[in-house]
Structures are given as structure tokens and as C-alpha cells.
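> Pasting a predicted model and its sequence here:
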Protein chains: 2
Amino acid sequence: MLTVSYLGPEKTNTHFAARKRFGVKARYLHAPTVEDVFRMVEREKADFGVVPIENSLEGAVTRTLDRFMDFKNSPARICGEIDLPIQHYLIMDPRASKEKIRVVYSHPQALAQCSRWLEKQLAVDVAHVETSSTTEAVQWLFREDRLIDPRERAAIGRRELANRGHLKAIPIPVTQDNRTRFLVLSLKAPRRGRKNKTSLMFVLKDKPGALHDALVPFKKYRINLTKIESRPTKRKAWEYIFFIDFEGHQSEPRVQRALRALEPCTSTVKVLGSYPIQGGR
Amino acid sequence: MLTVSYLGPEKTNTHFAARKRFGVKARYLHAPTVEDVFRMVEREKADFGVVPIENSLEGAVTRTLDRFMDFKNSPARICGEIDLPIQHYLIMDPRASKEKIRVVYSHPQALAQCSRWLEKQLAVDVAHVETSSTTEAVQWLFREDRLIDPRERAAIGRRELANRGHLKAIPIPVTQDNRTRFLVLSLKAPRRGRKNKTSLMFVLKDKPGALHDALVPFKKYRINLTKIESRPTKRKAWEYIFFIDFEGHQSEPRVQRALRALEPCTSTVKVLGSYPIQGGR
């Protein structure tokens, strides 16, 4: 039986993403942080790990990018991705009404994704309280707190979170396409698919035109970049590490040539994994 | 007298950045959100606006980038930058001790910057509560809450925030260089400096090699890129808008040639401003 660790607790979006990929037969282990998911894979406590990497409205999940950077020698590799549509609900006591809400609890990404709707629909002075997951946000609705009546609290999360406590769930409309992309981590490389993608991170040498020069090999070997993200290296102010995704597999000769040509431009470079593009197996 | 709006309330890092640039003679107006700072500049309620754009540990301030994107026709331009070293303090009741802290209040950027130290120094189950500013975080220390004793609360912010209430302030050591960069906004273009920088945003046309092609003109005209950042466009999942900084002024012929050459690769392009590099006036 496969063991899959995911950013928990149960019923988070990451849990649903993991179930979308691995189905009902896998054994699921929830981990409290992104860091713990990586560690469970690295220490072979889980065959696979699932972590969020990017949301279509709020952008990169910086904790995940930073974990790749902080542990450059980690044996964990990206072996797949999962794309999940996100629908948020405002969850509250059945006797509550949205006009009377004084505190909204949720994960910072969910609060950010819904911020415009919350501004329009709730009172001006409503407080936002950041929780480590949408599941934890719902638990706050039940906590004892004499100053805030349970009917003045709301959480944001998936509709499934409202069932257990028979709570009210109002869908939060978003005009834009809200999707989250998750990465699947493993110690083993996946089988090469029909269409593949490779993720790479590198630090450029400090010289004019370095970023352009680093992209030349991809253009030369007709390799399509699908994504570029930069993060501070944290070693030196205003120095960056780049995360790049491109179409192709690291075992292809043209990709190997491009990677060799990239090396002189960089001070650090690591392939994070080659994996089948979703739906392209 | 100059009027300067900044992301408030008083004594935030943005306030100190604004005072570093505009001194004691300016009139300062605090604004509750990044959005409000932009609006005060656009409606001529302030001559200048100051907003954070980037931290050397935590990366981009996405609200500021997104405001540029969401209001493409805004007349507000970047007319300068301010680089401020950040030193965080754990601020608490003089009778409190860090071992007994149960809740830490601060701005999400400050919580993220100090997360490793907090994990090591405070209890495992300490709750992090996100506030809209470090100044507001300190106000939470005094709020009435029967469930959390004032001696079990701490805030993270500048040492200056501890003075008013005679609070205790413990410096939070960071091994890395913690600096924040702020942008100065205005309706007027600044005088051209000796060394200048230009900020640009663009959306690429959807075709292979587009990012490489967009960087070719910069290489060709020997223009040094100092920064590239990407954000979701929010119109379509996995479509990005790029924010680029480069050395040079938009009035220089080589920059104008590069911008003209960039146009065919992009569906949207806007110069956000040319301004003197800090210290290079």
C-alpha cells in the first residue's frame, strides 16, 4: 500500500489534491508544515508527499520554493503535479449572518484570494485572523472566547469542512479562475511520460546580462519555458534564486545540452525533477 | 510644504522609510492600505506616497505589485526608492517572559522573517496572529481578552514601538541581511540622476521562447537587468505579468530602442517610472 504525506490537517485543499491523484486506496499521513512533508519523504516515512506550489490568483507558495533552496542536497525530487480548482465558502454558525461577522479565520492564501469579496460583503472593521490551514480556521468557530460570540465568527474553506458541525456555507464567488497547483515529491524518479516537464533552480553569477545568457540555451535548443519565479537567496540582500519550469525531460539530449550550456552562467544549479505533464501521460 | 502619504499607522517601517527620505519638515499622512497610498497620490491628496515593494528575506510585497497590475491606467509613477535595514524586536509586557508567550502578533512579513527564531525560542504551540501592521500588533498587547493574559502576549516590531507603553523589547537576531526596499510614488517624473533605474511591467504573448525574446533587446543594447519578478495576471490561470527593473533612464536613446524592440513580444507593456538609483544622485 502506498503511503502519502500531505500538508494537513485532514480536509485541506492539499488533502483533496492528494486524493485526486492517489485515490481511496492509499494511506494518508497529514503533516503540520510543508517542511514536515519534505522530511517524511526524505526519511522514507512516506512514498510520496504533496505540497502546494502556486495559486492562479495569489502566486507562488513561497514556503515550498524556500524549502527547495534551503535544503539543496535533499534527495526529494518532484515527480508530478496536480492542478485543483478551488471554491471557497464562508462557513459559519447556522444562526450567524454575514453582516454581523466581526472576525474571519482562514489560511493567509484563502484570505488573500477572497479579500475583495470580504471587503464588499462584510463590515469594514472585520478582523482577519491567519490560521495554519483552512481546517484549523473552522475549529476556531467553536473555541471558547467570551469577547467574540460564535455567531460573529466565520471561516473560509471548502464546503466539506462545514458538514461535520452542521455549519452554514455560503459560496464566495470569484470572477477569476481560482486554481492551485500542487507538487508530488518522491525519492524515486517517475516513469517518463509522453509529454514531460522539468523543474530547475539556479543562482546566476553576478554580471550584466546574466539572466538573458541563462535563457539563451533554452531558446537555442527550442525548449519552451512555462514558468519563471524568483526568490531572495537570503544570503545576501537583493541576490535571487530562480525557479524555472520547461517542457522536456532531463534524459533528452537537447535538454542535457541546454543544461550543460547553462552551467557557466550560474553559481548553483539543481534539477528538481522531470515528470509527466498532467493529462499528458 | 510637501505632503507624503505612507502605509501606516504611525511608526511602521514604511513611516521610518518615508522619514528617511523626506525628513522632519514634510507633512505625513498615514493610509491604512497600499491601495489607499496609491489613491492619495492619484487624487493629489499627497505629493508623494511610500509603499513597501520587497524584503531581502521574504521577497516581493505582492499587494504593491498587484496594484500596479490592477490599475494599468493609474497616473502614479515610481519616482524613487528607499532601502531600509530592518531590526525586529519581540515586544511584551515588562512582567512577561518569552517562555510563557502563547500568542505572537505581527504583520505577516515580520512573522515570516522571524519564523525560525520564534520556532526555537518560544513554546511549540504558540499562535501567530496576523495584523495589518507592526504598530497594530503592539496595540493587541493591551486589548481586553480574558482568555489570554497580557503577560502571555508578544508583538514583533521596531524598538520605537515599545517606548510609548514602557514595554520590554528583546532584539530578534537574524543571521542574514534583513532589508526592505520601498517605492516612492508621485504624479511627477523626478529629475534625471547621474545613475538611473527604470521599472517596467509587461505580459508576454503566448508563444514558445517569448521570455527569451523579450530579454534580447536588453542584451543587445547592453542594458543591465537588476530584477525580474512574475505575478499571476488573475485573468487566466497560469498566465503571468512580469516586473522588470533595469539600469538606465527611459529618455536615453538605447532604452527607447530596447522598449520599441520589446513591444512585438508583449500584449501589455507599461513603464512604471525612471528614477535615480539610491546614492547615485
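Yep, it's here. Numbers count the residues shown, from 1 in each chain, chains lettered A, B, ... in the order given.
> List, one by one, the residues from the stretch 1-150 of chain A near chain B.
Contacts of the stretch 1-150 of chain A with chain B, taken as C-beta under 8 Å from any C-beta of the partner chain, map to A:55-59, A:62, A:108, A:112, A:128-130, A:144-147. Backbone N, C-alpha and C define where each C-beta goes, glycine included.
> Next one: A:Leu200 from B:Val4, what distance?
Distance, A:Leu200 to B:Val4, by C-beta to C-beta, to the nearest Å: 43 Å.
> Under the pLDDT cut-off, which ranges of chain A? List them.
By pLDDT under 70, the low-scoring segments of chain A are A:164-165, A:279-281.
> Let me see the domain layout of it.
If you go by automatic domain parsing, the domain ranges for chain A are A:1-85+A:178-188, A:89-171, A:190-281.
> Go through those and pick out the most buried.
Among those, ranked by average contacts under mean count of other C-beta atoms under 10 Å in any protein chain shown, first place goes to domain A:1-85+A:178-188 (a mean of 19).
> Endpoint to endpoint, that one covers what distance?
With C-alpha to C-alpha, to the nearest Å applied, domain A:1-85+A:178-188 spans 16 Å between its terminal residues.
> next one: stretch A:202-216
15 Å.
> so who does the most centrally placed residue in chain A touch?
Of all residues in chain A, the one closest to the mean position by C-alpha atoms, centre = their mean is A:Pro52, 1.8 Å from it. Residues near A:Pro52 by C-beta atoms under 8 Å, 6 or more residues apart in numbering or on different chains: A:7, A:13-14, A:17, A:34, A:61, A:64, A:109, A:180-183.
> Then A:Asp66?
A:231, A:234.
> State the next helix or strand along the chain beyond the helix or strand encompassing it.
Element membership of A:Asp66, judged by DSSP states H and E, is helix A:62-70. Scanning forward in sequence from helix A:62-70 by DSSP H and E, the next helix or strand is strand A:77-85.
> so what strands line up beside that next one?
strand A:179-186 (antiparallel) (DSSP bridges).
> thinking again about what came up before, in helices only, show me the residues of the stretch 1-150 of chain A next to chain B.
With helices defined by DSSP state H, the entries of these inside them are A:62, A:108, A:112.
> and the stretch 151-281 of chain A, which residues reach chain B?
A:176-177, A:179, A:181, A:208-209, A:211-213, A:215-216, A:218-219, A:222, A:224-232, A:234-238, A:240.
> Counting only helices, which of those residues make the cut?
Per DSSP H, these map to helices at A:211-213, A:215-216, A:218-219.
> Turn those residues into TSV, columns for distance to A:Val255.
Below are those laid out as TSV (distance: C-beta to C-beta, whole Å):
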residue	distance to A:Val255
A:Leu211	20
A:His212	20
A:Asp213	18
A:Leu215	14
A:Val216	15
A:Phe218	9
A:Lys219	13
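> returning to what we had before: now do the helix holding A:Asp66 against strand A:179-186, angle only.
30 degrees (axes from the mean of the first three to the mean of the last three C-alpha atoms, to 10 degrees).
> roughly how far is helix A:62-70 from the heart of the chain?
11 Å (C-alpha atoms, centre = their mean, to the nearest Å).
> One more: stretch A:209-229?
24 Å.
> Ok, stretch A:98-116 next?
19 Å.
> Figure out how far stretch A:156-164 is from the centre of its chain.
The answer for stretch A:156-164 is 20 Å, by C-alpha atoms, centre = their mean.
> Likewise for stretch A:59-76?
11 Å.
> can you tell me the distance between the two ends of that stretch?
23 Å.
> A:Pro94: what's its closest spatial neighbour, skipping adjacent residues?
A:Lys168 (4.9 Å; C-beta to C-beta, 6 or more residues apart in numbering or on different chains).
> so the one you found touches A:Ile91, yeah?
Yes: with contacts counted by C-beta atoms under 8 Å, A:Lys168 reaches A:Ile91, the gap being 7.1 Å.
> Need the residues touching each of these two.
A:Ala162.
> still on that earlier bit, would you point out the most distant pair within the ones in helices among the residues of the stretch 151-281 of chain A next to chain B?
With C-beta to C-beta as the measure, no two of these lie farther apart than A:Leu211 and A:Lys219, at 12.7 Å.
> Overlap of the contact sets of these two?
With C-beta under 8 Å, 6+ apart, A:Leu211 and A:Lys219 have no common neighbours.
> Ramachandran angles for the residue nearest to A:Arg192 when sequence neighbours are not counted?
Residue nearest to A:Arg192 in three dimensions, not counting chain neighbours: A:His249, with 5.5 Å by C-beta to C-beta, 6+ apart. Dihedral pair for A:His249: phi -110, psi 140, per degrees, to the nearest 10.
> Okay then, goodbye and thanks.
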